[in-house]
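Chemist: Give the three-dimensional model of this entry:
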Amino acid sequence: MAWLYLFIAGLFEVGWAIGLKYTQGFTRLVPTVLTLASMAVSLGLLGLALKSLPVGTAYAVWTGIGTVGTAILGIVLLGEPATALRLACIGLIVAGIVGLKLVA
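Modeler: Predicted structure coming up:
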């Protein structure tokens, strides 16, 4: 169950990272509220996952999911470049996440 909490926490991390862009510097109410709520859910679920997972592994996986998801949504939603090198680096992060899951 801890890994599920961690995965969902990572998805909410993506939500708040992308949400920050839409708050326009916290000047838009609805995106700001949704972003802050995503932050709270993400941290809450990370805390639950940490009850049984090693902190180093859980934190690295949480930030990795957030990084990969945010980078992909940046490409898809925000028109950021999808160069081969950038995609390869995202792949390396995914490999690291999978590796940490396998050894934990």
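
Chemist: What is the longest helix of this structure by residue count?
Modeler: Secondary structure assigned by DSSP state H gives helix 55-78 as the longest helix of the chain.

Chemist: Could you check how far the residue nearest the centre of the chain is from V30?
Modeler: With the centre of the chain defined as its mean C-alpha position, the nearest residue by Cα atoms, centre = their mean is G66, 1.6 Å away. Between G66 and V30 the distance is 22 Å, computed by Cβ to Cβ, to the nearest Å. Bear in mind the C-beta positions are built from the backbone N, C-alpha and C, glycine included.

Chemist: can you give me the helices in this protein?
Modeler: Per DSSP H, the chain carries helices over the ranges 2-23, 29-49, 55-78, 84-103.

Chemist: possible to save those as a markdown table with mean pLDDT?
Modeler: Formatted as a markdown table, the helices of the chain follow (pLDDT from 0 to 100):
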| stretch | mean pLDDT |
| --- | --- |
| helix 2-23 | 97 |
| helix 29-49 | 98 |
| helix 55-78 | 95 |
| helix 84-103 | 93 |
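
Chemist: wait, what's in contact with M39?
Modeler: Taking Cβ atoms under 8 Å, 6 or more residues apart in numbering as the criterion, M39 is in contact with F12, W16.

Chemist: thinking again about what came up before, run through the residues that contact the nearest residue to the residue nearest to the centre of the chain once chain neighbours are set aside.
Modeler: Leaving out its chain neighbours, the residue that sits closest to G66 by Cβ to Cβ, 6 or more residues apart in numbering is E13, at 3.5 Å. Remark: with contacts taken as Cβ under 8 Å, 6+ apart, E13 is in contact with S38, S42, W62, T63, I65, G66, G69, T70.
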